[in-house]
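**Student:** Based on what follows, work out the 3D shape:
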Amino acid sequence: MDNQKLPDRKTYIDFLKIFAIYLVLFNHTGTKGFVLFTIRQDSILYPLYLFNSIFIKVAVPLFFMASGALLLGKEESYRDLLVKRFLKYLFILFAASAIAYLYNCLRLKTQELSLTKFLKEIYTFRLTTAYWYLYAYLAYILMLPLIRKMAKAMANRDFQWMILMFGAIQSLSVIDFIIWKGEASHNGFFSFFITTNYVFYPLAGYYIDKRLDKDAFSRRNLLLLTASSIMAIAICSFMTHYQCTLSGDWTEDHCQTFYNTLIFLPTITIFFAAKMWFMKHNPSCRVHKFITAAGGTTFGIFLIEAICRNETMPIFIWLNPLLHSLPACWIWIFTACICGGIFIWGLKHIPGISKFL
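**Tutor:** Sure thing, here's the model as predicted:
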């Protein structure tokens, strides 16, 4: 490693953010890539398309796990929480939504310019698909003091029990569908509060980052996690195919019923693997700085992800006849991320803007 002092950031967290933001953009490509399997049911590559579609769902849970690793161990007053976090992200939600709304009205012409409609939509729904995360993140910020107390008070055995119970309650939906084929399910009052994304995943991220000792990051444990993750995605793939075949409904919304059911296993595996890799392989100062710089642009890319995808769409249109649809989509989204990253990197050098990105 270079003798220069590395910045005070966790490289593996920035790496995971880079990986996750690519998947976030890919998650919004529809039948071009994300749910390509719905229109290629007769293809020999159908299992690959379906596996790829479900695997992509690790994106947002990875962001929540990264947040848990970074925030749950901190101490801050309620005033700082409200002023420095909640109001900051509330402002970001309004500003980003305004940009998205103007883009829809003036560029795409899919909405009518109206302040009343804008205010109503931002309060009751969202201006672009990905912004549901911002609303969930605002709720997460307000619950941080409570989740922090949980994280610090829980023993390692408690974290393991939490993960086991999360898997148990999630698996019930699979069992229910196999028995009743969607016509009935277990009593809804039998539910666990940990199934909320902004509770379970931050706690899981905190556990892996702060509680696991070095001996836990072994090749054996990684292989076990990897095997369980492959099995989890295979089960979700089977259930998705079974449900869509049974109902005859292959629309994007309908086919995602079982996408998130067992995705916690691949998410935990990726988080575990990333930390293990960077623990055992220290990057050079140059590589560290690059990953840090790229990781620092991911939130900004998220805010303009729809614009990034739309404005680089000609790349997919050009590549699609030359390549298979999936590789063309991979390259398109990679280009969208690069363009968005460069733009956000430039904005971050403008005084006053960087603290919001």
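**Student:** contacts and neighbour counts: CA atoms only from here.
**Tutor:** OK.
**Student:** Quick check: mean pLDDT of stretch 301-317?
**Tutor:** Computed over stretch 301-317, the mean pLDDT rounds to 96.
**Student:** Can you list the buried residues in that stretch?
**Tutor:** For stretch 301-317, the neighbour count (16 or more other CA atoms under 10 Å) marks 301-309, 312-313, 315-316 as buried.
**Student:** Throw those residues into a markdown table and include secondary structure and distance to Leu36, thanks.
**Tutor:** As requested, those are arranged in a markdown table below (DSSP: H, G, I helix; E, B strand; the rest coil; distance: CA to CA, whole Å):
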| residue | secondary structure | distance to Leu36 |
| --- | --- | --- |
| Ile301 | helix | 24 |
| Phe302 | helix | 23 |
| Leu303 | helix | 25 |
| Ile304 | coil | 24 |
| Glu305 | helix | 20 |
| Ala306 | helix | 19 |
| Ile307 | helix | 22 |
| Cys308 | helix | 20 |
| Arg309 | helix | 17 |
| Thr312 | coil | 19 |
| Met313 | helix | 16 |
| Ile315 | helix | 18 |
| Phe316 | helix | 14 |
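**Student:** mind listing the strands for the chain?
**Tutor:** With DSSP state E as the criterion, the chain has no strands.
**Student:** Which strands or helices does the helix ranked longest in it pack on?
**Tutor:** In the chain, taking DSSP state H as the definition, the longest helix is helix 219-247. Using 3 or more CA pairs under 8 Å, 6 or more residues apart in numbering; DSSP states H and E as the contact test, the elements touching helix 219-247 are helix 46-55, helix 264-280.
**Student:** Of those helices, which is nearest Ala328?
**Tutor:** helix 46-55 (13.6 Å; CA to CA).
**Student:** And the contacts of that closest one?
**Tutor:** 27, 33-37, 40, 233-234, 236-237, 259-260, 263, 266 (CA atoms under 8 Å, 6 or more residues apart in numbering).
**Student:** just the buried members of those residues?
**Tutor:** Looks like those have 27, 33-37, 233-234, 236-237, 259-260, 263, 266 buried, using 16+ other CA under 10 Å.
**Student:** Could you save these as TSV and add columns showing distance to Val60?
**Tutor:** Shown next, in TSV, are these (distance: CA to CA, whole Å):
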residue	distance to Val60
Asn27	10
Gly33	18
Phe34	15
Val35	17
Leu36	20
Phe37	22
Ile233	16
Ala234	20
Cys236	18
Ser237	19
Tyr259	13
Asn260	11
Ile263	11
Pro266	12
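**Student:** any idea which of those residues is closest to Met165?
**Tutor:** Scanning those for proximity to Met165, where the rule is CA to CA, the winner is Ile263, at 14.4 Å.
**Student:** Compare the helices and strands packed on helix 219-247 and give me the one nearest Asn156.
**Tutor:** helix 264-280 (15.5 Å).
**Student:** Next up, the contacts around Phe166.
**Tutor:** Phe192, Ile194, Thr195.
**Student:** Surely the second one is in contact with Phe200?
**Tutor:** It stands for Ile194. Yes - judged on CA atoms under 8 Å, Ile194 makes contact with Phe200 at a distance of 5.1 Å.
**Student:** joint contacts of those two?
**Tutor:** Met162.
**Student:** And the two? Which one has more around it.
**Tutor:** Phe200 (22 against 16; other CA atoms under 10 Å).
**Student:** Do I have it right that that one meets Phe192?
**Tutor:** No - assessed by CA under 8 Å, Phe200 is found out of contact with Phe192, at 10.3 Å.
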